[in-house]
Every structure is written in structure tokens, then in C-alpha cells.
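Engineer: could you work out the structure for the sequence below:
(chains A and B, ligands or ions: 1)
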Amino acid sequence: MEFYSFTAEYVRKLKEGDAEASRHFTTYFSDLMLIKLRSQFRALDDINEVRQATFAKVIEIVQADGVCQPERFGAFVCGVCDNMVKEHRRRTGRTEQMPENCPEPPDRRVDIERELVSDATKKWVRKVLMELLSRRDRELITAIFLEEKDKDEVCRQYGVPREYLRVLLHRAVRRLQKQLAGERGETKWIAGSQRV
Amino acid sequence: MNHEEALKSRWPERYALEELSADEREEFEAHFFDCRRCAEDVRAAFVFRDNAKAVLREDSPPKPDPPGWLDRLIEALRQALRRPAYALSFAAMFLLCGGSLLQYQALKTAPMMVATHVLAPQARGEYRIIEPTGDRVALGPLDIPEEVTPPFSWEMRPAGGTGALMAGTAAAPPKGSSLALSVARSKLAQGRYHLILRGGSQEVTYRFEIKLIP
Ligand SMILES: [Zn+2]
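Structural biologist: Numbering: from 1, shown residues only, chains lettered A, B, ... in the order given. As a prediction, the model looks like this:
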């Protein structure tokens, strides 16, 4: 993920349809909205509709010079996204989130969970899981992410505090980032590109 | 919220582990949409989580059915059929939960694909042991006493608890079919549960215990 600082300059470039700023805008917020919306929708179609509506609305406001605090552009997009969720629920007649205790319809979450998965990333995640984590940590990750077991129950079973799961995730993510950074460096050298 | 607070309290990890309340989630989302460092941490955590799940799923051998589950099923059925008060039929399955039609079809056309768990009213203190194997658990067919008549309402509670974990209603099953409740395995932690079925001002309690295979 590439980063820009949100500034008046960024918003101006977006308004002018600058290719680089537009590309950053869509890729950066596309993933963040996917992550935000997965706790609210069970179907990828709903998420995609809300994402598209948010992009369209934000661009409309940018064109009309309606962004008051360019340095808080991210929070602004987040707010527009919330409004688009409400709009989508009104339009589809689904006013409430699915209650927690409702038995699920056929599981469509799998589609959402595939969005951030790629063969290249799986290769590095497999390395982190199999070579860089202990057997117990791998079992903990299997229990909470794959088997979706109750986290308190898992912690009791393995005799670790809840904080340990956060530390474990933090450590695993850092190791993955290190692997991916190494790979990106290699690509950068071969391609001779200046972009990080 | 500022970035230092977010890092100190491990909000990115807690967000990815789904530990935040709705209000906290909202507050943190407004922050990480603006904060590129938290955005990267959150994204990386979800990338790890989803890819790890895919890798672990690919690498784990398919779990065999627990030995003899079919034998236990047949035995339970035979016992149920011996008691004329309980009408039970395997002609078709009718699932209790909403959106059940698809699953009903799937069960009908591929009855061996879903492990079913026959439930009969158990005496107080006795629990039917269920070892889930797939993503969903089919509780049933339910052995329903004649005096409990459709339409049904049902609720599931943890044994000893008073609050319902889930609840719903079911219309009369089609003729010759029996009733089962399909629940996502992720909704059932290891432990004991009561499934209470009401109908015709009568009720029946099915007691079962979820045991997760290590
Ligand atoms: Zn931050």
C-alpha cells in the first residue's frame, strides 16, 4: 500500500483528475472500506455497492470544493462511507445489521475473505506460520482464525492471557511485513523503479 | 484518539481480533482512515489473518468423520422408531432456521454430505454428545413428541443460563419430513446447551453437549 499525506494539494490533484492521485485514492480506500464493511455485511456484492457509492459521492463533493479539512480527508471518506451504508440499507430494506444470535444463511463470507488473499502473499504467510512461529503459536492462530473458536476458551486451554493473542498477531504481522518488504526491494531493484 | 494511544492500547490488533465494542470500532475507524501508520497495521493484520486462514485450510488434512457416527445415527433412529409416540421420518429434512430452503435441498439431494445429529428429549442431566465436523452443525432430526404441534417456536440456551443464544420460529414441516436446526459451528463453543421447542402450548427440551475434537 502506498501512502500520500492528505493535504489540500492531494484534494486539488484529485479534483483535477490527476492519474496518480486518483489511483492512490481508489486503491487505498478500497481496502480500508473492505476491512471496515466486513463487520457489517455478509455479502461481497453489498460491500462493493457501498464502496462504489462512497467513491462517487466523495468525488462529487471534491468537485464541488466541499472538503473542509483536507488534512482529515481519510476521516471524511470514512464518514461518507457510513452514510452510504445507511443509504444502502434504506434502499435494500435491510435496516438492521444481522443480529448476532441469528443462525446464518449459507455462508458468503468466504468471498469477502478471499479479497485480500493472493498466491504470492500466501507463500510468505506460509513461511511465517511454518518457519518463524512456534508450534504452539501456530496452533493458537489455527484455533482463533481457522476454527473461529471462542478466544477466552482458547486462552484458557493454552494457559495464556488475552493480551498474548494481540502480541502474537502483532509479531506475526511484523514478520510478514518484513518478508514482503524484502520481496518488494528485490522487485524494485530488478525493475529499476523509483517507487516504493 | 491519537496515534500513540492507538498503538499503546494495541487497537490495530484488537480491531483485527474483533475485540472492540461498536463505539470503539467506530472511533478507531475514523482514526485509521486518516492515520497511514495505523491503516497499514490494520491492513497488514487482515492480510495476515485471511491468508493464514487460507493456508491453514489448504494444509490441514480433511478431518475424517468421527468413527461410527453413522452407526450411532442408525441406532438412535431405530430406538426412536420403536416408540410410536414419536413420529420420525427420514423421507426429507426440514430445517428450522430462516433461509433454510437451500440447505433443505442440499440435504435432500446429498444426505451424506451433512453429518446429522438425532436429538431426542433427554432426561434431566443427560446430554447428547455432538462432535461437529463441518462448518455447520445439523441438530436433528428432532424427535418431537406428538403433543408439541406446529407452528413451532424455538430457542437455544447455554445449559444453566437464562438468556437465549438464538431463537426463531418454524412453520409446519412438509408432510413426511422431519425437523432439524442448522447452526454455524462458529456459533457453538464447547459446552452444554438446551434447545427448547414449543408448540401447541407444550414444550420439549433437547439437551446436547458440543465437544470439539482436538
Ligand atoms: Zn494511528
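Engineer: so what pLDDT did residue 126 get?
Structural biologist: This is for chain A. With respect to pLDDT, residue A:126 scores 94.
Engineer: oops, chain B please
Structural biologist: We have a pLDDT of 85 for residue B:126.
Engineer: check residue A:44 too.
Structural biologist: 90.
Engineer: ok, now which ones touch residue B:151?
Structural biologist: By Cβ atoms under 8 Å, 6 or more residues apart in numbering or on different chains, the residues touching residue B:151 are B:169-172, B:199. Every C-beta, even on glycine, is put in place using the N, C-alpha and C of the backbone.
Engineer: for residue 165, give me its contacts.
Structural biologist: I went with chain A, as the question did not name one. Residue A:165 is in contact with A:140, A:144, A:151, A:154-155, B:13, B:17, counting by Cβ under 8 Å, 6+ apart.
Engineer: I was thinking of chain B, sorry if that wasn't clear
Structural biologist: Contact analysis of residue B:165 by Cβ under 8 Å, 6+ apart lists A:101, B:155-158, B:187, B:193.
Engineer: could you list the low-pLDDT ranges of chain B?
Structural biologist: Within chain B, the segments meeting pLDDT under 70 span B:62-115, B:173-177.
Engineer: can you give me the domain boundaries for it?
Structural biologist: For chain B, automatic domain parsing gives the domain ranges B:3-59, B:114-210.
Engineer: got JSON lines for those domains, with distance to residue A:87 too?
Structural biologist: JSON lines is the format used below for the domains of chain B (distance: least, Cβ to Cβ, whole Å):
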{"stretch": "domain B:3-59", "distance to residue A:87": "17"}
{"stretch": "domain B:114-210", "distance to residue A:87": "29"}
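Engineer: so which of the ones you listed is the most packed in?
Structural biologist: Mean neighbour count (mean count of other Cβ atoms under 10 Å in any protein chain shown) peaks for domain B:3-59 among those, with a mean of 19.
Engineer: can you tell me if it touches the ion.
Structural biologist: Yes - Domain B:3-59 reaches the ion (Cβ under 5 Å from the ion) through B:3, B:6, B:35, B:38.
Engineer: which among those gets closest to chain A?
Structural biologist: Distance to chain A, by Cβ to the nearest Cβ, is smallest for residue B:35 among these, at 7.4 Å.
Engineer: check which helices and strands the longest helix seen in chain B is in contact with.
Structural biologist: For chain B, the helix that runs over the most residues, judged by DSSP state H, is helix B:36-59. Contacts defined by 3 or more Cβ pairs under 8 Å, 6 or more residues apart in numbering or on different chains; DSSP states H and E place helix B:36-59 against helix A:19-37, helix A:109-114, helix A:119-127, helix A:162-191, helix B:3-8, helix B:11-16, helix B:22-34.
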